[in-house]
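[1] give me a 3D structure for the following:
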Amino acid sequence: MAFSAADVKNLREMTGVGMMDCKKALTAADGDIDKAVEWLREKGLAAAQKKAGRIAAEGMAYAWVCPDCGVGSIVEVNAESDFVAKNDLFVDYVHNVAKVVAKDDPADLDALFACKYPGTDKTVLEEQNDKVLVIGENIKVRRFARYDTGLNVPYVHMGGRIAVLVNLETESTDAAVVELGKDIAMQIAALNPTYKDKSDVSEEFIEKEKEIRLAQAKEDPKNAKKPDAIIEKIVMGGIGKYFKEICLLQQPFVKDDKVSVEEHIAAVAKQVGASIKLVNYTRFEKGEGIEKRQDDLAEEVAKLIK
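    Numbering: from 1, shown residues only. Model (predicted):
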């Protein structure tokens, strides 16, 4: 019995197995979907689908810059346990996914999964499913970003707990500029600024913050006799200080808190004799925003002995 591309797609959706393996299964089963599923189960491939439903909140964040072309990429790949996140097979997969992102410039996760995995005739998704079977845990590429212009500087903190990719616009290749990029990346990793610059903060956010702080100030007995104009001035001063907490360029530089990040960039630019602009950055923290499963040990043991 012949089978169509739609049959391959249907089998892939049913089992979570890669396209090539689905084609092999349908060929072996002479186009019969049910028999193809059985074939995959016998080969152990459909087991990846069961693992795909399990929560993966550990894993690794990784940033990389191509030494030849300078394109930078950053990825987060999740696994179920911290133990697997240190597995050489898993780490190698993460590193290769970052290289695929830099090389192929996929538009989204679906496009990334369809890219060829380095050194094989498989796609990234097929290699991921293979890793699930070999390692025994759910593995999932969660997100990625890529910068293909300017000077890109990567930083990976604590073996992949946090990764940062900094994108600078400059014509200088001085070592001091690369060091600047790394210092900025380390600051982003440590302080996790909400905005790059105070100009990025919306008027709506400022007005809401002002409204909340004014209400708080008027409730404070110390301000009971102060005119509204004075209270508003105090509030706006507080918002100005708040910018120094949430806006990267206005934050005190971690290595010298007497100057801001913006001022330090200007100082390095003067030192190397070239303009330097922080264009963008991406910070990924592994498992950020993912609800982690809370296992009940007694319940797990009870399941095992039933």
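[2] the chain: helices as residue ranges?
    Listed in chain order, the helices found in the chain under DSSP state H are 5-15, 19-28, 33-43, 47-52, 82-85, 88-104, 109-114, 124-135, 175-191, 203-219, 228-246, 261-272, 297-305.
[3] and the residue of the chain most remote from its centre, how far from residue 218?
    Distance to the chain centre peaks in the chain at residue 225, reaching 49.9 Å (criterion: Cα atoms, centre = their mean). In this structure, residue 225 and residue 218 are 12 Å apart, going by Cβ to Cβ, to the nearest Å. Where C-beta positions appear, they are placed from N, C-alpha and C, glycine not excepted.
[4] any weak-confidence spans in the chain?
    Counting by pLDDT under 70, the ranges of the chain that qualify are 1, 13, 15-17, 41, 44-55, 293-306.
[5] again, 90 this time
    Low-confidence segments of the chain (pLDDT under 90): 1-2, 5-6, 8-22, 33-57, 80-86, 130, 132-138, 289-306.
[6] please parse it into its domains.
    Each domain of the chain is listed here as a residue range: 5-52, 60-189+280-285, 198-271, per automatic domain parsing.
[7] what's the neighbour count on residue 90?
    Using other Cβ atoms under 10 Å, the number of residues around residue 90 comes to 22.
[8] which residue sits closest to it in space, ignoring its chain neighbours?
    With Cβ to Cβ, 6 or more residues apart in numbering as the measure, residue 84 is the residue that lies nearest to residue 90, at 5.5 Å, once sequence neighbours are left out.
[9] my read is that residue 99 contacts residue 73, right?
    Yes. Taking contacts as Cβ atoms under 8 Å, residue 99 lies within contact range of residue 73: 7.4 Å.
[10] more crowded one of the two?
    When neighbours are counted by other Cβ under 10 Å, residue 99 and residue 73 differ, and residue 73 comes out ahead with 27 against 17.
[11] how close does that one sit to residue 223?
    Relative to residue 223, residue 73 is positioned 51 Å away (criterion: Cβ to Cβ).
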